[in-house]
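1. Have a look at this prediction, sequence included:
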Amino acid sequence: MAVRVGNAPCSYGAFEITVGVLPNVPEASEVLDAIADAGYEGTELGPPGYLGDRTQLRGRLESRGLALAGGYIPIRFSEPDALDEDLQAMNGTLDLFEAAGAADARPIFADAGSAARAARPGAAAKDRSVGLDDARWRRFADGVARAAEQARARGFRPTFHHHTATYVEAPWEIERMLELTDVGLLLDTGHLALGGGDPVQALRDWSDRIDHVHVKDVKFSILESVIADRAGMEEAWRRRVFCELGTGDVDLPAFFAELEKIGYDGWLVVEQDLIPAADEDASVAAAAQARNRRWLTEVAGL
């Protein structure tokens, strides 16, 4: 099994809803130093521009011996009026890939979700009425096809990230996405678990499409508390629904055993999305990601 292990800025509190919003998001240099010092081989991009612009990114990565594994691209696939705008924004991410010399970096497509889905994380597992209707699924598929064509025309191989609080969250929604599109699947153990899925079964069912992996652990008790409080996905991040590897409810040893069985070859990116507390120092997240890297070595041999 040829696996490269990476990390991501979201594990340090730097992602789309925090960068440029919260005052205590760590500087990119702190995050990149922590990723390299912990022994990760690469990183994902984070919000475009966070790790550096087109003149900076390559040098910042190469000076630390890091590769660029991919970049998250949220797109309003089922909304024709917004799709063109999002596809134009995607070009900015692909420009960064090219500037970094990252020919193998994955454009990571994700549905942009909605306020209604964000208010009810995990709901689609039991309530299909919150999902897309047939007409919106057709628009969704057309949107993914356009995005994939655009990425492939520039030499990149896109993959699709199922994600809590979006319209591709529950296993049945992932199945529908796979039926309607030809892109790869980014399997995320944490988001799948929150969406009511089984990561081990997912490897068995979708191994022919899985070409990128995010490994997370989750605490179901926190999701349950968020649901009980009608608090929504942002509060789930604040309460740390994603926890350090081996401390939550996902059977990660079984997942890694199955991953080896299917002969997975690609990036495995550790993520522990969080919204930092007002008084939280970046060293807390850095220490957690170093522990996650050691855990992978000790438990999974990676």
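-> Nice, I can see it. Numbering: from 1, shown residues only.

2. Report pLDDT for Leu121.
-> Careful, residue 121 is Pro; it's not Leu. Looking at Pro121, its pLDDT is 96.

3. Can you classify it as helix, strand or coil?
-> Following DSSP: H, G, I helix; E, B strand; the rest coil, Pro121 is assigned to coil.

4. Hmm, Ile227 and it touching each other?
-> Yes - look at Pro121 against Ile227 with CB atoms under 8 Å: they come within range, at 7.3 Å. All C-beta spots, glycine's among them, are computed from the backbone N, C-alpha and C.

5. What pairs with the lengthiest strand in the chain, parallel or antiparallel?
-> What stands out as the longest strand in the chain, according to DSSP state E, is strand 67-75. Strands that pair with strand 67-75, judged by DSSP bridges, come out as strand 42-44 (parallel), strand 106-111 (parallel).

6. just to revisit the earlier point, more crowded one of Pro121 and Ile227?
-> Pro121 (25 against 15; other CB atoms under 10 Å).

7. Next up, the contacts around that one.
-> Thr164, Ala165, Leu194, Leu223, Val226, Ile227, Gly232, Met233, Ala236 (CB atoms under 8 Å, 6 or more residues apart in numbering).

8. repeat that for 6 Å
-> By CB atoms under 6 Å, 6 or more residues apart in numbering, the contact set of Pro121 is Thr164, Ala165, Met233, Ala236.

9. Let's see if you can find the most crowded of these.
-> Thr164 (28 neighbours).

10. so is that residue in a helix, a strand, or just coil?
-> Here Thr164 is recorded as coil under three-state DSSP.

11. From Ala118, how far off is it?
-> For Thr164, the distance to Ala118 equals 9 Å [CB to CB, to the nearest Å].

12. Equivalent analysis for Thr18, please.
-> Counting by CB to CB, the gap from Thr18 to Ala118 is 15 Å.

13. more crowded one of these two?
-> Higher neighbour count among Thr18 and Ala118: Thr18, with 23 against 16, using other CB under 10 Å.

14. element containing the residue sitting furthest away from the middle of the chain, please.
-> Largest separation from the mean C-alpha position in the chain: Ala135, at 26.8 Å (CA atoms, centre = their mean). If you go by DSSP states H and E, Ala135 is part of helix 134-153.

15. Same question for Phe160.
-> Using DSSP H and E, Phe160 falls in strand 159-161.

16. average pLDDT across that strand?
-> 99.

17. Outside of it itself, list whatever touches it.
-> Against strand 159-161 from outside (CB under 6 Å, 6+ apart): Arg106, Ile108, Phe109, Ala110, Val183, Gly184, Leu185, Leu186, Asp211, His212.

18. what's the pLDDT at the residue lying closest to Ala290 once chain neighbours are set aside?
-> In this structure, Ala290 finds its nearest non-sequential neighbour in Ala38, 4.2 Å apart by CB to CB, 6 or more residues apart in numbering. Ala38 is assigned 99 on the pLDDT scale.

19. With Val3 instead?
-> On the pLDDT scale, Val3 gets 96.

20. Can you give me every residue that contacts Arg152?
-> Counting by CB under 6 Å, 6+ apart, there are no residues that Arg152 touches.

21. roughly how far apart are it and His212?
-> From Arg152 across to His212, the span is 16 Å (CB to CB).

22. what's the answer for Arg204, then?
-> Taking CB to CB, one finds Arg204 at 18 Å from His212.

23. So His214, which state does it fall into?
-> Going by three-state DSSP: His214 is strand.

24. Show me what it bridges to in the sheet.
-> Asp188, Val269.

25. ok, how many other residues are close to it?
-> With other CB under 10 Å as criterion, His214 counts 25.

26. Same question for Leu296.
-> Around Leu296 there are 22 residues (other CB under 10 Å).

27. That one looks like it's in a strand, true?
-> No - judged by three-state DSSP, Leu296 forms no part of a strand; its state is helix.

28. Skip the chain neighbours and tell me the closest residue to it.
-> Leu302 (4.6 Å).

29. The stretch 1-150 of the chain: helices as residue ranges?
-> 28-37, 57-62, 80-99, 115-119, 134-153 (DSSP state H, counting those that start in this stretch).

30. Convert the first one to CSV, retaining C-alpha atoms only.
-> This points to helix 28-37. What follows is helix 28-37 as a C-alpha-only set of coordinates in CSV (Å, rounded to 0.1, in the frame of the first residue of the first chain):
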residue,chain,number,x,y,z
ALA,A,28,0.3,30.2,7.5
SER,A,29,4.0,30.0,8.5
GLU,A,30,3.1,28.5,11.9
VAL,A,31,0.8,25.9,10.4
LEU,A,32,3.3,24.9,7.7
ASP,A,33,6.1,24.6,10.3
ALA,A,34,3.9,22.5,12.5
ILE,A,35,2.9,20.2,9.7
ALA,A,36,6.5,19.7,8.6
ASP,A,37,7.8,19.3,12.2
